[in-house]
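[1] when you get a sec, could you give me coordinates for this:
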Amino acid sequence: MSLPRRYQNKLPESLLCTLASALMDGMVFDIVSNLEEIQQATERNQLDVRTRATNKQKAKRLEMAKKHREVIQACQGDPHLLRSVETTNRREKEELEELLREEMSQVDKELILEMDQVVLEQQNTLSKGGIPGFTITTNPEEVRLQMYLLEFITRLSTMEIPVS
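    Next up, the predicted model:
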């Protein structure tokens, strides 16, 4: 595991020894594996939510473009009316784009909040499981350190460890 130096200082040897002891019975690997599966399912669901939102927005854009083409086609014989319609179409398009940006921003905020909740639940599970280095926190530095610990645990779970 390539752990940046600033995080190495936050992992005392005693924590690593306690973590190593906790890993001996395999229960920690199972907990981490289950949490990883839950997170992956959540991420797939979130991707579906965002994809549906994107597709709805694409449909709204296409619908407006079709409407605008029809209106422009209907007033081709009147240059003054055509300029007015083009101005109105431009304004409607700008308004729609602003609305769609706000909608997507709201979707993204909800997805982030959902993932933050998943992280808190993971921290709670790992903490209650007595796994060293895991507490409930929103501190980005501590969360990042926990991510490194999880990466380390996951790598260990895939290694064949020789028995003496």
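[2] what is the burial count for Glu92?
    Applying other CB atoms under 10 Å, we find 14 other residues in the vicinity of Glu92. Where you see a C-beta, it was placed from the backbone N, CA and C, and this is true even at glycine.
[3] what helix or strand does it sit in?
    Secondary structure here is read from DSSP states H and E; on that basis Glu92 sits in helix 79-128.
[4] what is the mean pLDDT for the helix or strand that that helix is followed by?
    Reading on from helix 79-128 to the C-terminus, the next helix or strand found by DSSP H and E is helix 140-158. Per-region confidence: helix 140-158 scores 89 on mean pLDDT.
[5] which of the residues in helix 140-158 are buried?
    Glu142, Leu145, Gln146, Tyr148, Leu149, Leu150, Phe152, Ile153, Leu156, Ser157 (16 or more other CB atoms under 10 Å).
[6] now render those residues as JSON lines, adding distance to Ser33.
    Below are these laid out as JSON lines (distance: CB to CB, whole Å):
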{"residue": "Glu142", "distance to Ser33": "23"}
{"residue": "Leu145", "distance to Ser33": "20"}
{"residue": "Gln146", "distance to Ser33": "16"}
{"residue": "Tyr148", "distance to Ser33": "18"}
{"residue": "Leu149", "distance to Ser33": "15"}
{"residue": "Leu150", "distance to Ser33": "11"}
{"residue": "Phe152", "distance to Ser33": "14"}
{"residue": "Ile153", "distance to Ser33": "9"}
{"residue": "Leu156", "distance to Ser33": "12"}
{"residue": "Ser157", "distance to Ser33": "7"}
